[in-house]
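Novice: With the input below, show me the fold.
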Amino acid sequence: MSNIFEDERLFANRRKNHIFKDKKPLDHRFLPDKLVHRDDQIRKIAKYWVDVLDDVTPSNVTLYGKTGTGKTAASKFAREQLIEAANNENIFIKIEYIRCTDYTTEYQVIAQLCNRLGRDVPNRGWTKAEVVKAFRDLFRTNAFGKKLHLIVILDEIDILLSKDGDGILYTLTRTDNVAVLSISNYLDFKNLITPRVTSSLNDKEIIFPPYGAGQLSDILTERAMLSFHDDILNDDVIPLCSAMAAKEEGDARYALDLLKNAGELAFDENSEKVTSEHVIRAKDRIEHNKITEIISTLPLQQQRVLEAILLLTKKGDEITSGKLYEEYTEISKKDSVTYRRIFDFINELELLGIISTNTISRGRGRGRTNIIKLQCDEQLLETALYSI
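Specialist: Numbers count the residues shown, from 1 in each chain. Prediction:
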């Protein structure tokens, strides 16, 4: 049997791609030459970082905003601009980007920074004190023979803080010539920080509001010019993608995914144009993939709770926690968890956005009741559940 990847690539090369010029600009990680509608935020980052060009440790900065509002892209854009300015003036600056979903403890982050700065540190085996000492030694006699300024970008920092506490911020903010830029989706993430760290952090805050439909349309227009051949998109495609993404709390990632998937559907069907019909089907594909991915990673008991919610929803019943537990025990038989544990599952499913809960009063003497509702398409959920 020949190599299937080589065969697929050969087939793709023979078949002229009349839809896409280049898919990379439709990836949310792509960094364009200009970030549309984020000039104000980028200039604020520059305002807080510019001191480093005068050999002064810059301010710590925190970026807030929902997913897909340009926080990561803006920080990376500012990083490239600062490195360019520092090189022009022969000033030695390192700006290291750390995604906290990849490095979830203080040890891992500090070890990674050491390795990037030229000091070999094992991923495990040392004490935390040894790793911190190795890191701080870099700023006394560093591997480059120059005075080193370091800016650390900690993306999705709330994940790191919730799992390992705020020691990482204490270590970084108490190290000479080090500044931190934190990125969080949650305005209340500082509830995870102790007063002593809050004092040493002393950060400047920048808010990234959700994009409106018009702003999303501008972003997609810029990316479409780089990604698609001329006259391939019908006139209503970008407005439709923008309107759909605006309903998803102004998420530019979602808008880009819609446009990319619509183009891929058009290519697979050998269509002459990308149409609004492709966009609508792209939405279904994205939602299905998202739901399936989430559900496939849930523990078996949570999957059973979801199945119970789906069955009650299809019956048209008002779903209380009591009714849910009855339906769940019917599905699970003798392998059921306790009634109290069901509440943990409900909270976790609500955090994932699959269900919602609403506490209502039944009147005097009857107490309060949680009403549970599905927040995703029934058919998509049913297909996902029964495909596992």
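
Novice: Give me the buried stretch members for the helix or strand hosting residue 94, please.
Specialist: Residue 94 belongs to strand 93-99 when assigned by DSSP states H and E. Buried residues in strand 93-99, counted by 16 or more other C-beta atoms under 10 Å: 93, 94, 95, 97, 98. In this view, the C-beta of every residue, glycine as well, is placed from N, C-alpha and C.

Novice: Run the chain-centre distance for it.
Specialist: 18 Å (C-alpha atoms, centre = their mean, to the nearest Å).

Novice: Please apply the same query to stretch 207-216.
Specialist: Centre to centre, stretch against its chain (C-alpha atoms, centre = their mean), the figure for stretch 207-216 is 16 Å.

Novice: what's the strand holding residue 94 packed up against?
Specialist: helix 71-88, helix 106-116, strand 149-155 (3 or more C-beta pairs under 8 Å, 6 or more residues apart in numbering; DSSP states H and E).

Novice: Of those, flag the one that's most buried.
Specialist: strand 149-155 (a mean of 23; mean count of other C-beta atoms under 10 Å).

Novice: circling back to that earlier point, make CSV from the helices and strands packed on strand 93-99 and add mean pLDDT to it.
Specialist: Below are the helices and strands packed on strand 93-99 laid out as CSV (pLDDT from 0 to 100):
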stretch, mean pLDDT
helix 71-88, 94
helix 106-116, 95
strand 149-155, 95
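
Novice: closest to residue 299 out of the ones you listed?
Specialist: Closest of the helices and strands packed on strand 93-99 to residue 299 is helix 106-116, at 25.5 Å (criterion: C-beta to C-beta).

Novice: now the closest one and strand 149-155, what's the angle there?
Specialist: Here helix 106-116 points in a direction 130 degrees away from that of strand 149-155 (axes from the mean of the first three to the mean of the last three C-alpha atoms, to 10 degrees).

Novice: continuing past helix 106-116, what's the next helix or strand?
Specialist: Counting by DSSP H and E, the element after helix 106-116 in chain order, helix or strand, is helix 128-137.

Novice: what's that next one in contact with?
Specialist: 106-107, 110-111, 113-114, 119, 121, 126, 167, 171, 175-176 (C-beta atoms under 8 Å, 6 or more residues apart in numbering).

Novice: now what about stretch 339-349, what contacts it?
Specialist: 301-302, 305-306, 321, 324-325, 328, 337, 355, 357, 370, 372.

Novice: Any regions of the stretch 51-200 of the chain where pLDDT drops low?
Specialist: Across the stretch 51-200 of the chain, the ranges flagged by pLDDT under 70 are 141-146.

Novice: Distance to residue 40 and neighbour count added to the contacts of stretch 339-349, as a markdown table?
Specialist: Shown next, in a markdown table, are the contacts of stretch 339-349 (distance: C-beta to C-beta, whole Å; neighbours: other C-beta atoms under 10 Å):
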| residue | distance to residue 40 | neighbour count |
| --- | --- | --- |
| 301 | 47 | 16 |
| 302 | 42 | 20 |
| 305 | 44 | 27 |
| 306 | 42 | 23 |
| 321 | 46 | 16 |
| 324 | 46 | 23 |
| 325 | 50 | 19 |
| 328 | 49 | 23 |
| 337 | 50 | 18 |
| 355 | 37 | 23 |
| 357 | 37 | 15 |
| 370 | 42 | 15 |
| 372 | 41 | 22 |
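
Novice: Take the residues you listed and keep only those in helices.
Specialist: When DSSP state H is applied, the contacts of stretch 339-349 are split such that 301, 302, 305, 306, 321, 324, 325, 328 fall in helices.
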